[in-house]
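[1] Build me a model:
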Amino acid sequence: MNIATRLGAPAWRWLAVIVIAVAVGQFTQRGLSSYGNFVAGTIAVAAIAAVGLNLLVGNAGLVSLATPAFMAIGAYGAGIVLQHSPLGITGAVLIPIAIATVVGGVVGLLALRLRGFYLGLATLGLLEATQYVLQQGGSLVGSGYGFPMPAVGSITAAQWSGIAASVLVVVVAIAASIRRSAVGRGLALLRQHETVAGCAGMNVVRLKVGVFAVSAGLGALAGVLYGFVQGAVSPDQFNLTLAVSQLAYIVFGGLGTVAGAVIGSIVLLVLPEVFHGLGQNEGILNAAVLLGVLILAPQGMFPLVDKYARRLFGRFRRREPTRAVAVTAPVGAPTTPSTGTPIRFNDVTVRYGGVVAVNAFSATVRRGTVHGLIGPNGAGKSSAVGALFGLVRLAGGEIEVDGRTVQTSGRRNPPWTVAAAGIGRTFQTPHAGEGLTALEAVQNGVFRGVPHGLVRAGLRTSAVLAGEVEARDRALTALDLVRFPVSAATPVTELTLGELRRVELARVLAGDPDVIVLDEPTSGMELADADALFELLNGLAHDGGRSVLVVEHNVKLIFGYSDDVTVMNLGEVIASGTPADIRADELVRGAYLGAR
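    As a prediction, the model looks like this:
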């Protein structure tokens, strides 16, 4: 039985989505009163924009207040195209969405340098600039007042509400596919720790620009539909109040969940209708409901409902995943072993301002060995490893991987290019990705090996489905290899520090790296677990043909399992050789081990 047959061919899946979308649209158009139809259309439009915003804020952790600006581009763009071009409704829909997508991608470039509050301010600037253009744009945009949407044939506002509801169903299916794909898992890791995501092989630039572009495109799509449902638009409809409302929808419904964006939009837009006519009490009741839900469910409505549904109905509980197909390449050995020297540091120097953290550091990691890098705190060990992955700039020297220069003082390559050279690493503090299970977190290690474009992920093509099966199988094999002690379906938030370290190492192994770099991997581990970890590393090096570079403070483990040891102090190498050589070195004993 092939993958498409077992999992369901994409064609059948999308046929089902289309049937549901048509049914929802027909019900919205014909099964509701005139006013109910209008409210449903308004909710559908808001939910489409909220789903796009949730991909950006909830999944990627990128704060944006620009959604109303993209909606304005969609609404006004559609009207202008219909009024001034012969392209018809097709052009009126596609052109504004394309413009908003490009603008969103450009804004995404800002996210490479700005984060959190500062990124939010930058997107607020885009919103303010858009409002200024609409207010001062002259007759083309209604001279800053109402802008009537041109009629499209005989399509009525009620029919546009039905169309909006149908489009929402399709958008939800696309967003759910992205959330369940390699891209969705990658965004979860990106949200928690961008550096870890980059070192796992994820192109952070493409992820950020891509998710901004998709969110902007969905915002413009919502704007197009909004204009036709409302019949007219004006600049004051796309303001900061709408931006705050959109954020409220996704926070109230549940950040990072597709269903949460829809639920939040429905509840927060229906509540005013329910309490309508109560005068001053309307605002009080609205506020009371919002506060009550946020107190009882700080993570949002959908996570709370999902939690109790899993407890109430056994069939909704997570089950231990099982393998679907055999691994085509064993995780315990490199797929294509290299023939050169895995890593060579040549006179590497790193400066932080006027402080020299690493001074003329040279070391060679041999193939099929465990290489220990030790030294007191502040010796420069982590800075040297950071320089390998381009996390800090070299002030001098170069770093080679398999004879190819990956870092020099003149050029700093990003972490994902180093990961692509066959190097995986763990960190002092493990980061698995918020909202993921252990299995999903390990699957992030196979990010480069599966189809992960946003478009392909959203369409959930056969290639994406096949890649998901392969990634899951590799992840399960890696978890077995590190002797993961609990269910692979366990959320990472429920794991101990030792279990998180195993998940992180399994993620590295799932990517089939030629070289493994570990930064203090036994920190916080029990002694027995630490010994077991080094036994595993020893086997990966000597039996699996991998090379392992370990930065560690546990000298007993380093001397017991390493083939080569390099000792640093005050940014410089003070000794290098076998464990026996290092034990006998008087300078090392005086500076680090303690003279007897």
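[2] For this protein, which residues score under the pLDDT cut-off?
    Within the chain, the ranges that satisfy pLDDT under 70 run 1-9, 275-283, 286, 310-341, 449, 451-452, 591-596.
[3] Contacts only, for the residue positioned nearest the centre of it.
    Central residue of the chain (Cα atoms, centre = their mean): L187, 0.6 Å from the mean position. Residues near L187 by Cβ atoms under 8 Å, 6 or more residues apart in numbering: 55, 59-61, 207, 211. C-beta here means a position set from N, CA and C on the backbone, and glycine is covered the same way.
[4] which one of the residues you listed is nearest G354?
    Checking those against G354 by Cβ to Cβ gives G61 as the nearest, at 33.8 Å.
[5] Could you report the distance from the closest one to H193?
    Distance of G61 to H193, given as Cβ to Cβ, to the nearest Å: 10 Å.
[6] before we move on, back to that, of the contacts of L187, just say which sits nearest to V446.
    Checking the contacts of L187 against V446 by Cβ to Cβ gives L207 as the nearest, at 15.7 Å.
[7] by contact count, what packs against the helix or strand harbouring that closest one?
    According to DSSP states H and E, L207 maps onto helix 204-230. Applying 3 or more Cβ pairs under 8 Å, 6 or more residues apart in numbering; DSSP states H and E, we find helix 204-230 packed against helix 34-54, helix 67-84, helix 88-110, helix 157-179, helix 182-192, helix 194-199, helix 454-459.
[8] Which among these is found nearest to G378?
    Smallest distance to G378 across those (Cβ to Cβ): 20.3 Å, for helix 194-199.
[9] Just the C-alphas of that closest one, formatted as PDB.
    C-alpha atoms of helix 194-199 as PDB (Å, rounded to 0.1, in the frame of the first residue of the first chain):
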ATOM      1  CA  GLU A 194      15.700  31.700  16.200                       C
ATOM      2  CA  THR A 195      19.300  30.600  16.600                       C
ATOM      3  CA  VAL A 196      18.400  27.000  17.300                       C
ATOM      4  CA  ALA A 197      16.100  27.000  14.200                       C
ATOM      5  CA  GLY A 198      18.900  28.300  12.100                       C
ATOM      6  CA  CYS A 199      21.400  25.700  13.400                       C
END
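[10] Contacts for it next, please.
    Here helix 194-199 makes contact (Cβ under 8 Å, 6+ apart) with 186, 189-190, 204, 207, 389, 391, 414-416, 418-419, 424-425, 427, 431, 444.
[11] I'd like the list of the residues you listed that fall within helices, please.
    Judged by DSSP state H, the subset of those located in helices is 186, 189-190, 204, 207, 415-416, 418-419.
[12] Looking at those residues, which one is closest to A78?
    Of those, the one sitting nearest to A78 (Cβ to Cβ) turns out to be L207, at 29.2 Å.
[13] got the contact list for that closest one?
    60, 183, 186-187, 190, 197.
[14] ok, which pair from those is furthest apart?
    Going by Cβ to Cβ, the pair spanning the contacts of L207 furthest: V183 and A197, at 11.6 Å.
[15] Of the two, give the one with the bigger neighbour count.
    V183 (32 against 25; other Cβ atoms under 10 Å).
[16] Can you tell me the SS state at V63?
    Recorded secondary structure, V63: coil (DSSP: H, G, I helix; E, B strand; the rest coil).
[17] how much space between the residue lying closest to it once chain neighbours are set aside and V233?
    Take V63 and drop its neighbours on the chain: the residue closest to it by Cβ to Cβ, 6 or more residues apart in numbering is G120, 4.1 Å away. Counting by Cβ to Cβ, the separation of G120 from V233 is 25 Å.
[18] And the two? Which one has more around it.
    Using other Cβ under 10 Å as the criterion, G120 and V233 rank with V233 on top: 26 against 19.
[19] roughly how far apart are the residue nearest to the centre of the chain and G201?
    Taking Cβ to Cβ as the measure, L187 falls 14 Å from G201.
[20] Buried ones in stretch 376-391, by neighbour count?
    Buried positions in stretch 376-391, judged by neighbour count with 16 or more other Cβ atoms under 10 Å: 379-391.
[21] Just the terminal-to-terminal distance for that stretch.
    21 Å (Cα to Cα, to the nearest Å).
[22] and what of stretch 358-374?
    14 Å.
[23] buried stuff in that stretch?
    Residues of stretch 358-374 classed as buried by neighbour count (16+ other Cβ under 10 Å): 358-359, 361, 363, 365, 367-374.
[24] And stretch 186-195, by the same measure?
    Across stretch 186-195, burial judged by 16+ other Cβ under 10 Å covers 186-194.
[25] Could you single out the nearest of those residues to R583?
    Within those, the smallest distance to R583 is 36.7 Å, found for H193 (Cβ to Cβ).
[26] residues contacting the nearest residue in space to that closest one that is not next to it in sequence?
    Leaving aside its sequence neighbours, H193 sits nearest to H431 (Cβ to Cβ, 6+ apart; 4.1 Å). Applying Cβ under 8 Å, 6+ apart, we find H431 in contact with 189, 192-193, 196, 504.
[27] With distance to G104 added, can I get those in CSV?
    Shown next, in CSV, are the contacts of H431 (distance: Cβ to Cβ, whole Å):
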residue, distance to G104
L189, 22
Q192, 23
H193, 24
V196, 25
E504, 32
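[28] which of the residues you listed lies closest to G410?
    Proximity of these to G410 (Cβ to Cβ) peaks at V196, which lies at 26.6 Å.
[29] how close does that closest one get to V550?
    As judged by Cβ to Cβ, V196 and V550 stand 18 Å apart.
[30] more neighbours, the two?
    Under the criterion of other Cβ under 10 Å, the comparison of V196 against V550 puts V550 first, with 26 against 23.
[31] That one contacts V365, doesn't it?
    No - taking Cβ atoms under 8 Å as the definition, V550 is not a contact partner of V365, at 10.2 Å.
[32] ok, which stretches of the stretch 401-550 of the chain are strands?
    Taking DSSP state E, counting those that start in this stretch to define them, one finds strands in the stretch 401-550 of the chain at 404-408, 423-425, 515-519, 547-551.
[33] Output those strands in a markdown table, with distance to E572 appended to each entry.
    Formatted as a markdown table, the strands of the stretch 401-550 of the chain follow (distance: least, Cβ to Cβ, whole Å):
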| stretch | distance to E572 |
| --- | --- |
| strand 404-408 | 19 |
| strand 423-425 | 23 |
| strand 515-519 | 19 |
| strand 547-551 | 16 |
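[34] wait, which of those is closest to G74?
    Minimum separation from G74 across the strands of the stretch 401-550 of the chain (Cβ to Cβ) falls at strand 423-425, 42.0 Å.
[35] Contacts for the closest one next, please.
    Under Cβ under 8 Å, 6+ apart, the answer for strand 423-425 is 199-201, 343, 385, 388-389, 401, 445, 507-509, 511, 513-519.
[36] Kindly report the same for stretch 535-551.
    Under the contact criterion Cβ under 8 Å, 6+ apart, stretch 535-551 has outside partners 332-334, 337, 342-343, 365-374, 381-382, 385, 481-483, 505, 509, 513-521, 558, 561-563.
[37] Next, the buried residues of that stretch.
    For stretch 535-551, the neighbour count (16+ other Cβ under 10 Å) marks 536-538, 540-541, 544, 546-551 as buried.
[38] Please identify which two of those residues are farthest apart in space.
    G544 and V551 (20.4 Å).
[39] about what we covered before: next, format the buried residues of stretch 535-551 as a markdown table and append distance to G88.
    Below are the buried residues of stretch 535-551 laid out as a markdown table (distance: Cβ to Cβ, whole Å):
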| residue | distance to G88 |
| --- | --- |
| L536 | 63 |
| L537 | 64 |
| N538 | 68 |
| L540 | 61 |
| A541 | 65 |
| G544 | 61 |
| R546 | 59 |
| S547 | 61 |
| V548 | 62 |
| L549 | 61 |
| V550 | 64 |
| V551 | 63 |
